[in-house]
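In: model the following, please.
(2 chains)
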There are 2 protein chains.
Amino acid sequence: MSFTDIATRVHNHNYRMDPVVRTLLDTDFYKLLMLQLIWMKHRDTPVTFGVINRSKSIRIADEIDIGELRAQLDHARTLRLSKREMIWLAGNTFYGKKQIFRPEFLSWLETFALPEYEVDVRNGQYELRFAGPWSLTTMWEIPALSIINELRARKAMRNMGRFELDVLYARAKAKLWGKVERLQVLKAAGRLKVGDFGTRRRHGYLWQRWCCEALQEGIGDAFIGTSNVHVAMEIGSEAIGTNAHELSMVYAALAGDDDQMVAASRYAVLDDWRHLYDGNLLVILPDTYGTTSFLRNAPDWVADWTGARPDSKPPIAGGDEFIDWWKANGRDPKEKLLVLSDGMDIDSIEQSFRHFKDRVRVSFGWGTNLTNDFRGCAPNGGNALDPISLVCKVVEAAGRPAVKLSDNPTKATGPDADVGRYLQIFGTEGMTDHAVDV
Amino acid sequence: MSFTDIATRVHNHNYRMDPVVRTLLDTDFYKLLMLQLIWMKHRDTPVTFGVINRSKSIRIADEIDIGELRAQLDHARTLRLSKREMIWLAGNTFYGKKQIFRPEFLSWLETFALPEYEVDVRNGQYELRFAGPWSLTTMWEIPALSIINELRARKAMRNMGRFELDVLYARAKAKLWGKVERLQVLKAAGRLKVGDFGTRRRHGYLWQRWCCEALQEGIGDAFIGTSNVHVAMEIGSEAIGTNAHELSMVYAALAGDDDQMVAASRYAVLDDWRHLYDGNLLVILPDTYGTTSFLRNAPDWVADWTGARPDSKPPIAGGDEFIDWWKANGRDPKEKLLVLSDGMDIDSIEQSFRHFKDRVRVSFGWGTNLTNDFRGCAPNGGNALDPISLVCKVVEAAGRPAVKLSDNPTKATGPDADVGRYLQIFGTEGMTDHAVDV
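Out: Numbering: from 1, shown residues only, chains lettered A, B, ... in the order given. Here you go, the predicted model:
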């Protein structure tokens, strides 16, 4: 005999909206680390973020209703951190340290609310912009991305029947577990460290959580945690992540017309960072304006940092470059940490693991291909659930355009003239174009 | 916010037993068709059935607690057909015909209860026997097999955690759906007919039902139905199946010492059958004592039957033999039906479909590999969920041992002396040993 809980069923029918983001902690941990720095040093600097869909062939504005998008964004703006969440942030240990967040920062954070947004439609894409003080706008990055990605997924599933959905998720689970079994082989062969970096492009919150639980279950202590603060809290894992390109991009913009100041800004960021954090939080993100020139010009103390996260070169080339540089600067790579997080999937994880084993410590930040790999899973075919390359980037800081070059000029952002100027300043040493999947 | 339905949870904790068989309709349809014949012609003939595990290396009695086994068998004995079930049996159309069951048979069936059983343990196997009037003991076959198979599956899953089970079923669903997609290709290429024959060796009732729903969803009208009467009723599909070896085995035993009567008995069965049923229910099961000699000696009217179910030769060889025989007897194979049901899986379905397409009508009775294919699905490995070759056969009728030879002497059952006598009577023409998987 099956028993229908009438109250639950009526409640389900009463749903006006199923919020994508239900707490401000449903964001990446590095946003909180960066936010503390931003709040201390640049809280009122005007910084504008914009969402950019690099998968131009996908016309997101045709897929997602603007009313639904607004409803989700508006709902996110109503969120405040709860008492329980504040206690957890204040009392939890992050990266082995207590009280990583200062009390005055936390008391400001207690009343934090996401600021306004602007949304327009152009060429089938949403022009979504967040303008205002950096300490507010920065927090839109992750919820904006996960809202759009989840609304796309919901759209793709809207006409699927109960059985089709059952098969869809069964296949996605089977697919992920196949990857987990390959990780188990790596774990048996050496010191494996894998973390979830997939909040922004996830299929959905519940699915991201399931993926993290699969890693917990499947590889135990080789799962080092998740970037998603709320998932970390819920499943009792570590919250992980350090910093992102937005810091160097804003610092470079703030350097203004002085080319030398712009060139120096990428080290100024690290200097501010190292006065606030230490240990495993000292991870270099070298590629905002090209890794090769970054390393050649870096002050010696940069080589003291614990690790590096090459993010736009192929992982093996990017990692080897660091090993060579650490060696050339008299540091032992075996004591250093490489964080590989650019479009990783099980094949590239395996290859990189085998390549770097016994040469350097490696951890994998596994993103989109962990939390949003539904390719081939829909029972009736189609690729509507395939992930797209959606980013939320700084577009302007203190009235100046923000620029990112990266090691892969395909990923460059900013107005052409400014990209040109930055290429003059930083050079193109070590840069190569290659396609961006996710 | 998740909401726990406290009443449901407490109810779940109150479970004393989770019955494997919850209704007498949780059996194969052919049992009811045969039962009507048995009840009309031989209702009081004493016939003993016994469960035989052909996978000797699996010590079932070490796996399943005898108390649990008894509890399940005892529970099955408490079952009676409900009013709703009786109405459905009387009012439903089977194989396109109304009132296939006679009113006097149905009124006897209304109070039907499974008879007593005897259980012993020998060499790690359960010796499970059902002795009594044929019209009662015959009905134990399917529930006895599904109870043992499901208790084995439950044992294998007893120590799996919530997550492990989630992955297990996800993988099994993904695996089955992969097969369904291959069937979709066949359906697009010609007239495909696939039915579920998997009650006896299923993983579990709910899983069998899911498999049928997957076929309904995936191949639509190419899914011709399920042998499981209760599943057919629940999901609104056809109940399918015709007759089994037990008829010829009992008829042969009843023929006694007269070798000629024994030889003739295999046609006497068909003669009784054709006076009770017609149309698509006229399907020859030729292999009880060897197909080749059966066909050579068959009266001409046997070639008028609608179809045949070769059950122990390789499907293509077995089917070709019938095509040749129909042709030799002046019948058009294109008007005939082959039912292939011996250990079929997607590979052999594909091969047979392509081989027989445009030469004869074919339908597939897909059993164990449909409803119990969990090979490679357990996240922590092991083969405890692999199906075994468990059968429930007539061992004695009217005081004489029952014998089955089949086209594959590996499957022969009966005491050696009697098998020897039957081999003398029927010959060994066309018989070949080959391994039995499931």
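
In: what residues does the stretch 51-200 of chain A put near chain B?
Out: Residues of the stretch 51-200 of chain A lying close to chain B (Cβ under 8 Å from any Cβ of the partner chain) are A:161, A:163-164, A:166-167, A:169-171, A:173-175, A:177, A:181. No exception for glycine: its C-beta is placed from N, CA and C like everyone else's.

In: try it again at 6 Å.
Out: A:163, A:167, A:170-171, A:173-174, A:177 (Cβ under 6 Å from any Cβ of the partner chain).

In: what does the stretch 251-400 of chain A give?
Out: Residues of the stretch 251-400 of chain A lying near chain B (Cβ under 6 Å from any Cβ): none found.

In: in the stretch 251-400 of chain A, which spans are strands?
Out: Along the stretch 251-400 of chain A, counting by DSSP state E, counting those that start in this stretch, strands occupy A:283-284, A:307-308, A:337-340, A:361-366, A:390-397, A:400-401.

In: burial measure for residue A:98, as a count.
Out: For residue A:98, the tally of surrounding residues (other Cβ atoms under 10 Å in any protein chain shown) stands at 9.

In: where is pLDDT lowest across the residues of the stretch 51-200 of chain A next to chain B?
Out: The lowest pLDDT within these belongs to residue A:163, with 93.

In: who are the contact partners of that residue?
Out: residue B:217 (Cβ atoms under 6 Å, 6 or more residues apart in numbering or on different chains).

In: again with residue A:100
Out: Contacts here follow Cβ under 6 Å, 6+ apart; on that basis residue A:100 touches residue A:94.

In: same thing with residue A:37?
Out: Shown in contact with residue A:37 (Cβ under 6 Å, 6+ apart): residue A:276.

In: now whichever helix or strand it is part of: buried residues?
Out: Per DSSP states H and E: residue A:37 is located in helix A:29-42. Buried residues in helix A:29-42, counted by 16 or more other Cβ atoms under 10 Å in any protein chain shown: A:29-39, A:42.

In: among those, which one lies nearest to residue A:150?
Out: Nearest to residue A:150 among these: residue A:31, at 17.9 Å, using Cβ to Cβ.

In: got the CA positions of stretch A:177-184 in CSV?
Out: Taking Å, rounded to 0.1, in the frame of the first residue of the first chain, the C-alpha atoms of stretch A:177-184 are listed here in CSV:
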residue,chain,number,x,y,z
TRP,A,177,30.3,7.0,-10.1
GLY,A,178,32.3,5.6,-13.0
LYS,A,179,34.6,8.6,-12.5
VAL,A,180,34.7,8.0,-8.8
GLU,A,181,35.9,4.5,-9.4
ARG,A,182,38.7,5.8,-11.6
LEU,A,183,39.6,8.2,-8.7
GLN,A,184,39.7,5.2,-6.4
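
In: centre of the chain versus that stretch, how much separation?
Out: Put simply, stretch A:177-184 sits 23 Å off its chain's centre (Cα atoms, centre = their mean, to the nearest Å).

In: and stretch A:198-207, by the same measure?
Out: The answer for stretch A:198-207 is 11 Å, by Cα atoms, centre = their mean.

In: first-to-last residue distance for it?
Out: 10 Å (Cα to Cα, to the nearest Å).

In: re earlier: show me what counts as buried in the following helix or strand past the helix holding residue A:37.
Out: Using DSSP H and E, the helix or strand that follows helix A:29-42 in sequence is strand A:47-53. Of all the residues in strand A:47-53, those buried under the rule 16+ other Cβ under 10 Å are A:47-53.

In: paired strands for strand A:47-53, with orientation please.
Out: strand A:125-130 (antiparallel), strand A:390-397 (antiparallel) (DSSP bridges).

In: ok, residues contacting that strand?
Out: With Cβ under 6 Å, 6+ apart, strand A:47-53 has contacts from A:60, A:125, A:128-131, A:134, A:137, A:140, A:144, A:250, A:390-392, A:394-397.

In: can you name the next helix or strand after it?
Out: helix A:60-63.

In: so for that following helix, what gets flagged as buried?
Out: Using 16+ other Cβ under 10 Å as the test for burial, helix A:60-63 gives A:60-61.

In: against which helices or strands is that helix packed?
Out: Applying 3 or more Cβ pairs under 6 Å, 6 or more residues apart in numbering or on different chains; DSSP states H and E, we find helix A:60-63 packed against strand A:125-130.

In: which is the succeeding secondary structure element to the strand it packs on?
Out: Using DSSP H and E, the helix or strand that follows strand A:125-130 in sequence is helix A:134-137.

In: buried sites along stretch A:290-300?
Out: A:290-295, A:298.

In: quick one: the helices in the stretch 151-300 of chain A?
Out: Residue ranges of the helices in the stretch 151-300 of chain A, as given by DSSP state H, counting those that start in this stretch, are A:162-189, A:205-219, A:229-235, A:245-254, A:259-276, A:291-297.

In: sorry, back to before: and the strands paired with strand A:47-53 as TSV, adding mean neighbour count?
Out: Shown next, in TSV, are these (neighbours: other Cβ atoms under 10 Å in any protein chain shown):
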stretch	mean neighbour count
strand A:125-130	20
strand A:390-397	22
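
In: want to throw those strands into JSON lines with distance to residue A:330 and mean pLDDT?
Out: Below are those laid out as JSON lines (distance: least, Cβ to Cβ, whole Å; pLDDT from 0 to 100):
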{"stretch": "strand A:125-130", "distance to residue A:330": "43", "mean pLDDT": "96"}
{"stretch": "strand A:390-397", "distance to residue A:330": "35", "mean pLDDT": "96"}
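
In: domain assignment for chain A?
Out: Residue ranges of the domains in chain A are recorded as A:6-160+A:392-425, A:164-372, according to the TED database.

In: endpoints of the first one, how far apart?
Out: What that stands for is domain A:6-160+A:392-425. The first-to-last residue distance of domain A:6-160+A:392-425 comes to 66 Å (Cα to Cα).

In: quick revisit: out of the buried residues of stretch A:290-300, flag the one nearest to chain B.
Out: Taking Cβ to the nearest Cβ as the measure, chain B sits nearest to residue A:291 out of those, at 39.0 Å.

In: hmm, that closest one is touching residue A:407, no?
Out: Yes - using Cβ atoms under 6 Å, residue A:291 is in contact with residue A:407, at 5.3 Å.
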